[in-house]
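>>> requesting a structural model of the entry that follows:
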Amino acid sequence: MAGEEREARQTRCSLDYKDPSGRSKGRGEIRFKTSFRNTIYDAFQSRGWKETSSEMDWDIHWCERDWMFGTFDHVHLESWQRVNHYRNDRELCRKDLLVKNLKRQKKQLEKEKRTREAALYDFWPTTFVLPGDYALFAEEFKRSGGAWIMKPIGSCQGRGIFLFTKLSQVSQWKSEHRWKPDNKDAEAYVVQRYIANPYLVAGKKFDMRIYALVTSFAPLTCYLYRAGFARFTNVRYSNATADMNNAFMHLTNVAIQKTAGNYDKDSGQKWDLRQLKLFMLSKHGSEATDRVFNEMQMIILRSLLAVQPVMINDKHCFELYGYDIMIDDEFKPWLIEVNASPSLSANTPDDYELKLQMLNSMLDVIDMDRRRDADSVEHQLGGFDLIYHNGAMVLDPSSAYSTFLGADCPRPDPRAAAKARSRPRKPKPSAADAAKAVLAAAKLKRGAKPHKYYKQT
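Numbers count the residues shown, from 1 in each chain. Predicted coordinates:
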């Protein structure tokens, strides 16, 4: 019996831990749990929330993905508790599964005779998963040749990545022990056609990190953060075969670039996304620049729509995704990968300010303090703009731009934020009120009334 009681305490809140709205006369403290000590920890503390090491007595848990895989299915969460991952986010964030879902979505659209929309699913390089697709890859390579890039399906920060231009380079590597048929632990790789014509700034290659926040997959509800950053290489770009092994020229990962002897610690080899957009506006004009930024936003939406049918939605879950996108010299954006645990560590003061402000805006959207009505959908909170809720949100046609991506983020007012957090929380709705809200939501066909800057499609 004692063992059963101990197990119960480990898998749900203790009986004396109540809903935050019922503690301290309606203004109870929020308790957070996390093992991270970076900007997310600082964002929690800046709001006056209290850290806890309790297994289950918390309001929000910024957890490792391993916790979701090993623990989430075995605990009972109260209605107000939130965690920062979806159970099967690997469908979007593991390289092989992402490509599989994108290809399936494209085939489904073609099957439905929606050929125009299907044609827009062309934003990822030609991809194969090895060793399973090796024969198909070898056939494509012999037909078209060129430069290709190999990536482990589950690695990050540039680990295990290499470029090649000869099939023998893969064949030699393929013969190693991890590729033997009887090795069940063999790690799969994706091989993709290398984007050999990147758009360059001052002769250097870069990619962009863009933040998308998904608060629900049913219905899909996604916010896009206006700010982000471009990560530059240390070395001027060349697509010469002799330079293929130069990681400082071809890979933009900070973990790799910071090991270079000429790494710029002051800038972190980064540009703010707004700075990049202003540069492109000055060089290419507003029409071309707005088009490419809108296409990046649509890449994010289409990737989420592709995985929506297979995602396990849960009211306790939300997720902040870090999208890595490149632009080629023809102004075409390409999706490189999606990160379910984007780095929240900062390597410069500007990087720290961007991430801390972004996370505070994210927490405003999540609304752990319950300052807003439960069924309300805000179209803009801090630097996050709603881009999809029961349909895509687009800027008013009278606007000169079609996306807020790369626009200036509203500067937070500390006094206004403190005043908002001091207001009493809205009381927890009764069961009857909750049932009415569900019925009302079911009747909505196109979501909440759009913000004055938006219309819905």
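>>> once you drop chain neighbours, what's closest to Asp385?
Spatially, and ignoring its direct neighbours in sequence, Asp385 is nearest to Phe404 (4.7 Å; C-beta to C-beta, 6 or more residues apart in numbering). Any C-beta I mention is one placed from the backbone N, CA and C, and that applies to glycine too.
>>> give me the number of residues near the one you found?
21 (other C-beta atoms under 10 Å).
>>> same deal with Asp89?
24.
>>> what does the one 5 residues further on give?
One way to gauge burial is a neighbour count; for Arg94, by other C-beta under 10 Å, it gives 19.
>>> would you mind measuring from the residue nearest to Asp385 to Arg274?
Noted for Phe404: a distance of 11 Å to Arg274, by C-beta to C-beta, to the nearest Å.
>>> re earlier: who touches the residue nearest to Asp385 in this structure?
Neighbour list for Phe404: 224, 226, 385, 395 [criterion: C-beta atoms under 8 Å, 6 or more residues apart in numbering].
>>> need the residues touching each of Phe404 and Arg274.
Residues touching both Phe404 and Arg274 (C-beta under 8 Å, 6+ apart): Arg226.
>>> same list (the contacts of Phe404) but as a markdown table, adding distance to Arg47.
Formatted as a markdown table, these follow (distance: C-beta to C-beta, whole Å):
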| residue | distance to Arg47 |
| --- | --- |
| Leu224 | 23 |
| Arg226 | 21 |
| Asp385 | 22 |
| Leu395 | 31 |
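>>> ok, these vs Ile161, which is closest?
Ile161 has its nearest neighbour among the contacts of Phe404 in Leu224, at 27.3 Å by C-beta to C-beta.
>>> next structured bit after the lengthiest helix in the chain?
Identified as the longest helix of the chain according to DSSP state H is helix 286-307. Going down the chain from helix 286-307, the next helix or strand is strand 319-327, by DSSP states H and E.
>>> other SSEs contacting that next one?
strand 206-217, helix 286-307, strand 333-339 (3 or more C-beta pairs under 8 Å, 6 or more residues apart in numbering; DSSP states H and E).
>>> partner strands of it, with direction?
strand 206-217 (antiparallel), strand 333-339 (antiparallel) (DSSP bridges).
>>> now do that strand: distance to the chain's middle.
Averaging C-alpha positions (C-alpha atoms, centre = their mean, to the nearest Å) puts strand 319-327 5 Å from its chain's average.
>>> and it, average pLDDT?
When pLDDT is averaged along strand 319-327, the result is 98.
>>> so where's the stretch 351-457 of the chain uncertain?
Applying pLDDT under 70 to the stretch 351-457 of the chain flags residues 374, 412-457.
>>> strands of that one, residue ranges please.
For the stretch 351-457 of the chain, applying DSSP state E, counting those that start in this stretch gives strands covering 380-381, 384-389, 393-395, 454-456.
>>> tilt between the longest one and helix 286-307?
What that stands for is strand 384-389. Between strand 384-389 and helix 286-307, the angle comes out at 60 degrees (axes from the mean of the first three to the mean of the last three C-alpha atoms, to 10 degrees).
>>> so what secondary structure elements neighbour strand 384-389?
Strand 384-389 packs on strand 220-232, helix 286-307, helix 349-366, strand 393-395, going by 3+ C-beta pairs under 8 Å, 6+ apart.
>>> alright, calling it a day.
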